[in-house]
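**Student:** Pasting the sequence and the predicted model now:
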Amino acid sequence: MQNNVIQFLSKISDLLISEIRIDDLHSGLLDIINEYKKISSINIYVYDSVTNTIRDCLNNWGILEDSSEIYTAYENIKNNDFVINSKGYKLPPVMSDITIKISSLFMPIVRDGKLFGVIRTEFDENTTVNMEFLFLMRILSAQVSLKLQNIVLNEQSKINVEFHDSMKNIAKIIETQYELNYIVPIIGEMLDRFITDHLIYVFLKQDEDFKLVWPKACNDNRVYEILKELTPETEYILAHNDKIGAFPLISDGEITGCIVARSTLDALSKRDISYLEQLTRQSAITISRANAYSKILQYATIDALTNLNNRRQFEIRLKQEIATTKRQGNPLCAMMIDIDFFKKVNDTYGHASGDAVLRGVAGIIKSALRESDIPSRYGGEEFAILLPYTHIDEAKIVGERLRKAVEEASIPIDVEGVETKSLKVTISMGLAEFDNQESGEELFERADKALYEAKTGGRNRVCYV
């Protein structure tokens with residue numbers, strides 16, 4: 001019997017000093033123990049202090065459900081040497097001849113004197129063990145604990161490295177990109193790679209609705225129902241047996257979007273939930289910064305008063321449209337507009353009223369044009385408009401429609417200290433069609449010349465050259 005014990009301990013030592021993975025450790029322990037005492041299975045479980053869960057080392061480090069008997073055994077073994085047949089057990093000070101009928105045995109995995117896992121061994125029916133076997137199992141569990149520390153640390157480090165790499169990558173996106181249309185798919189792909197068992201959806205809040213921005217489709221109506229339940233105070237929502245999780249993107253106390261994880265098979269584990277919470281927080285920061293950066297960029301290209309392109313952006317678009325027109329041979333027209341007697345508005349009603357008139361005329365211009373047309377505030381009370389794919393005869397129709405719309409409108413100027421609540425103004429307009437030989441500057445010089453003719457000819461009219 002002594003030789004058997006020595007051989008047992010020697011084989012355990014040889015196994016544990018070798019470079020092995022968790023699967024090899026499991027199969028090696030199963031073979032060695034079976035030579036000494038017949039067992040039906042052996043499993044290894046480790047406590048994850050990050051998510052307060054127990055993970056199955058042999059099943060992809062998956063999280064066990066709270067109802068698992070492993071949690072009960074883990075609590076029972078804290079003050080005992082073993083859990084035998086669901087009951088805590090302490091070894092006597094000296095070995096005795098006592099034998100125990102056994103069906104299951106839980107052994108502690110200890111690190112720095114603290115419990116951090118259990119080894120579960122199942123026995124064939126009607127198996128009995130003596131004290132010698134239990135003392136050997138205590139030695140085995142102590143030796144395996146040391147080996148598992150290294151294996152678990154390596155595995156957890158790998159997971160943590162992947163997780164923190166994802167966090168850093170999400171944070172770094174904004175350093176080179178500011179377009180949400182570019183950022184959001186990258187975030188979605190990162191989350192999708194990390195939360196492998198669930199489909200990931202990214203929604204952004206637009207007005208009062210959630211718009212799916214990644215991927216292209218979500219056909220599960222349950223997801224949209226969950227989105228309706230979100231509030232700025234919501235940490236996350238789990239629904240449908242925890243198979244769907246909604247994690248809101250919060251910025252400055254407001255919901256800016258939501259990340260949804262969905263599966264038809266698996267519930268979200270506590271580990272998934274913990275990581276999704278952290279990844280969502282980082283994504284919210286990145287998207288918020290992208291929005292802020294986008295606004296800064298917008299103000300560099302958009303006129304703050306009228307919300308039209310500013311002159312700088314107009315000059316950029318002019319070059320682009322001229323290049324496209326020359327390459328494709330499509331027609332292009334330019335339109336210059338001036339608000340008639342605008343100085344009189346400022347002098348009579350004040351500059352705040354003048355700003356209101358500028359905003360009002362800009363709104364009429366924008367509503368009267370096609371999406372492909374390019375309106376800009378050129379400066380002061382002047383507006384410049386590009387009309388792609390438009391001949392001069394068509395431009396005249398557009399111009400007359402726009403002139404009439406401004407003439408008939410009553411523009412509100414509800415400004416403090418001004419009794420008048422609205423004003424009526426008119427515009428003068430000059431048109432020119434690109435002749436494919438001139439530059440963009442020359443095109444608008446001709447449109448400006450036509451505008452001058454409209455103003456000197458009586459105003460509130462459209463002229464063209």
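**Tutor:** Sure thing, it's come through.
**Student:** now Lys101, what's its secondary structure?
**Tutor:** Classification of Lys101 using DSSP: H, G, I helix; E, B strand; the rest coil returns strand.
**Student:** residues touching it, list them.
**Tutor:** Asn126, Thr127, Thr128 (CB atoms under 8 Å, 6 or more residues apart in numbering). In this view, the C-beta of every residue, glycine as well, is placed from N, C-alpha and C.
**Student:** tell me the least confident of those?
**Tutor:** Of all the contacts of Lys101, Asn126 has the smallest pLDDT value, namely 85.
**Student:** Skipping its backbone neighbours, what lies nearest that residue in space?
**Tutor:** Lys101 (7.2 Å; CB to CB, 6 or more residues apart in numbering).
**Student:** distance of the one you found from Asn85?
**Tutor:** 8 Å (CB to CB, to the nearest Å).
**Student:** Can you tell me which of the contacts of Lys101 comes closest to Lys421?
**Tutor:** For the contacts of Lys101, the minimum distance to Lys421 (CB to CB) is 94.9 Å, reached by Thr127.
**Student:** Please compute how far the strand or helix carrying the closest one lies from its chain's middle.
**Tutor:** Element membership of Thr127 [criterion: DSSP states H and E] is strand 114-130. Here the centre of strand 114-130 is set off from its chain's centre by 45 Å, with CA atoms, centre = their mean, to the nearest Å.
**Student:** per-domain residue ranges of the protein.
**Tutor:** 2-151, 177-301, 311-464 (automatic domain parsing).
**Student:** which residue ranges form the strands in the stretch 151-300 of the chain?
**Tutor:** Ranges of strands in the stretch 151-300 of the chain, per DSSP state E, counting those that start in this stretch, are 199-206, 209-214, 237-239, 244-251, 254-262.
**Student:** Packing partners of the third one?
**Tutor:** In this case it means strand 237-239. Strand 237-239 is packed against helix 221-227, strand 244-251, with contacts defined by 3 or more CB pairs under 8 Å, 6 or more residues apart in numbering; DSSP states H and E.
**Student:** Give me the contacts around that strand.
**Tutor:** Outside strand 237-239, the residues touching it (CB under 8 Å, 6+ apart) are Arg222, Ile226, Glu229, Leu230, Ile244, Gly245, Ala246, Leu268, Ile273.
**Student:** Would you mind listing the residues in contact with the closest residue to Lys366 other than its chain neighbours?
**Tutor:** Take Lys366 and drop its neighbours on the chain: the residue closest to it by CB to CB, 6+ apart is Pro375, 6.0 Å away. Contact analysis of Pro375 by CB under 8 Å, 6+ apart lists Leu308, Asn309, Ala362, Ile365, Lys366, Leu369, Phe383, Ala384, Ile385.
**Student:** For beta bridges, what are the partners of the nearest residue to the second one once chain neighbours are set aside?
**Tutor:** Think Asn309. Nearest non-adjacent residue to Asn309, counting by CB to CB, 6+ apart: Ser376, 3.8 Å away. Assessed by DSSP bridges, Ser376 has beta-bridge partners Asn309, Ala384.
**Student:** Touching, Ser376 and Asn310? I think so.
**Tutor:** Yes. Contact status for Ser376 versus Asn310: in contact at 6.8 Å, counting by CB atoms under 8 Å.
**Student:** okay, those two: which has more neighbours?
**Tutor:** Neighbours of Ser376 and Asn310, each counted by other CB atoms under 10 Å, are more numerous for Ser376; the result is 26 against 19.
**Student:** any idea how far that one lies from Leu279?
**Tutor:** For Ser376, the distance to Leu279 - CB to CB - is 41 Å.
**Student:** cool, Leu308 as well?
**Tutor:** Distance from Leu308 to Leu279, by CB to CB: 39 Å.
**Student:** His240 contacts Asn221, doesn't it?
**Tutor:** No. Applying CB under 8 Å, one finds His240 not in contact with Asn221, separated by 11.7 Å.
**Student:** Going along the chain, name the strands of the stretch 1-150 of the chain.
**Tutor:** Using DSSP E, counting those that start in this stretch, the strands of the stretch 1-150 of the chain run over 39-48, 53-56, 62-63, 82-84, 87-89, 99-111, 114-130.
**Student:** could I get these as JSON lines with distance to Ile22?
**Tutor:** Output for those, formatted as JSON lines (distance: least, CB to CB, whole Å):
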{"stretch": "strand 39-48", "distance to Ile22": "7"}
{"stretch": "strand 53-56", "distance to Ile22": "10"}
{"stretch": "strand 62-63", "distance to Ile22": "13"}
{"stretch": "strand 82-84", "distance to Ile22": "22"}
{"stretch": "strand 87-89", "distance to Ile22": "26"}
{"stretch": "strand 99-111", "distance to Ile22": "12"}
{"stretch": "strand 114-130", "distance to Ile22": "11"}
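**Student:** so which of those comes closest to Phe210?
**Tutor:** strand 62-63 (28.7 Å).
**Student:** For that closest one, the averaged confidence score.
**Tutor:** On average, strand 62-63 scores 74.
**Student:** From the chain's centroid, how far away is it?
**Tutor:** 24 Å.
**Student:** Run through who's touching that strand.
**Tutor:** By CB under 8 Å, 6+ apart, the surrounding residues in contact with strand 62-63 are Asp48, Thr51, Thr53, Ile54, Arg55, Asp56, Ser269, Lys270, Arg271, Asp272.
**Student:** Quick check: can you name the pairing partners of that strand and their directions?
**Tutor:** Each strand paired with strand 62-63, and its direction, by DSSP bridges: strand 53-56 (antiparallel).
**Student:** Quick one: mean pLDDT for the strand it pairs with?
**Tutor:** 84.
**Student:** what's near enough to touch Ala395?
**Tutor:** Shown in contact with Ala395 (CB under 8 Å, 6+ apart): Cys333, Met335, Leu387, Leu431, Glu433, Tyr464.
**Student:** Looking at per-residue confidence, what score does it get?
**Tutor:** pLDDT, Ala395: 96.
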